[in-house]
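[1] Quick one, what's the 3D model for this:
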Amino acid sequence: MDQITNDLKKSLESNDAYCLSELSTLFSDRALTDGPHINEDLNTCYGGVLNELHNVACLNGNEVWTSGDKDNIYLYNLKGDILKDFQTSSTSCIQDIAVTQSGQLLYTDDNNRSVNIVSNTQIDTLIKLNEWIPHGVCIASSGDFLVAMTSVDWDHTNVVRYSGSTEKYSIQWDDQGQPLFPAGYTTKYLKENKNLDICLADPDARAVMVVSAARKLRFKYTGSSSSITLKEPFYPSGITTDNYSKILIADMCNQIIHIVDKNSHFLRYIKNYNLRSPRGLRVDSKDNLFVAECYTGRIKKIQFYR
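    Model prediction:
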């Protein structure tokens, strides 16, 4: 199936044609379970208002990297054992983490305005920014990586695609010269979907912005649904996507996770199941959802497909 997908991509002649809105039809879609099941619930060294857990990234189905209100980054197994840890040079919290296709770890450091890569215990700076502050980072299907960033005066938001340390292009303006993404200072997370859309969760805007590979705004999701009335305003604190192009959004203030399809249609919530302040989200290769709980410091592995 991966070979079929790669052949399709190679047959396209331009970035505009990269908008493979029907790519997921190659996969036999699975039904969402009526009641998601928590398969694992592990404790970490995080917990509390001054020791928040922000991010989780899957190394594989049994090991996850974590970062939060520490300058260290930790690798855990599903028993809650620390397998590795290393100290960064950041004097602030790490903004986001991601695992490359070869298993290396990327992290963004807002204090040093850098994107860094970790190989074993060696840390190298890939990107050093001057006028921009890096936030979320994700790995694209091509092996490139995307970084969401804000200007140092907080007036602009930008998404930049890199191949190694080389900038390929940025996404900031629409065809009318207006900003695609709202300004603001809170951390903005992003994920490339299977159909190559770029999905950016923006707590300042209380919205998820979805932009096509052709750099056109496809839709904005604001958390509204007729199936439930939110107690608090929608607060998209984390985002991920799965193998069927579904978008999963952590809503920390309402203590739920939204699931919408690639065309913005709301599908369901993951709620209750003892979820507390969900923030960081990742889906592994088998579509298990890992949820980092900000204030409890726990990571839950949830099965949400039948």
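
[2] Next one: the closest residue to Ala205 other than its chain neighbours relative to His54, how far apart?
    Spatially, and ignoring its direct neighbours in sequence, Ala205 is nearest to Pro182 (4.1 Å; Cβ to Cβ, 6 or more residues apart in numbering). Placement of C-beta: from N, CA and C, glycine included. Per Cβ to Cβ, to the nearest Å, Pro182 is found 21 Å from His54.

[3] Look at these two and report which has more neighbours.
    The neighbour comparison of Pro182 against His54 (other Cβ atoms under 10 Å) goes to His54, with 23 against 16.

[4] Can you tell me the element the more buried one falls in?
    Using DSSP states H and E, His54 sits in strand 53-58.

[5] That strand: how far from the chain's middle?
    A distance of 9 Å separates the centroid of the chain from that of strand 53-58, by Cα atoms, centre = their mean, to the nearest Å.

[6] Now do the helix or strand following it against strand 53-58, angle only.
    Using DSSP H and E, the helix or strand that follows strand 53-58 in sequence is strand 63-68. Strand 63-68 runs at 160 degrees relative to strand 53-58, counting by axes from the mean of the first three to the mean of the last three Cα atoms, to 10 degrees.

[7] Sheet partners, orientation included, of strand 63-68?
    Strand 63-68 has the following strand partners under DSSP bridges: strand 53-58 (antiparallel), strand 72-77 (antiparallel).

[8] In CSV, could you pull the C-alpha coordinates for that strand?
    Extracted in CSV, the C-alpha atoms of strand 63-68 (Å, rounded to 0.1, in the frame of the first residue of the first chain):
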residue,chain,number,x,y,z
GLU,A,63,8.1,3.5,23.7
VAL,A,64,7.3,7.2,23.7
TRP,A,65,9.3,10.4,24.1
THR,A,66,7.9,13.1,26.4
SER,A,67,8.6,16.8,27.1
GLY,A,68,7.1,19.5,29.2
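
[9] now the helices: where do they sit in the stretch 1-150 of the chain?
    With DSSP state H, counting those that start in this stretch as the definition, the stretch 1-150 of the chain shows helices at residue ranges 2-11.

[10] which intervals of it have sub-threshold pLDDT?
    Along the stretch 1-150 of the chain, segments meeting pLDDT under 70 span 1-28.
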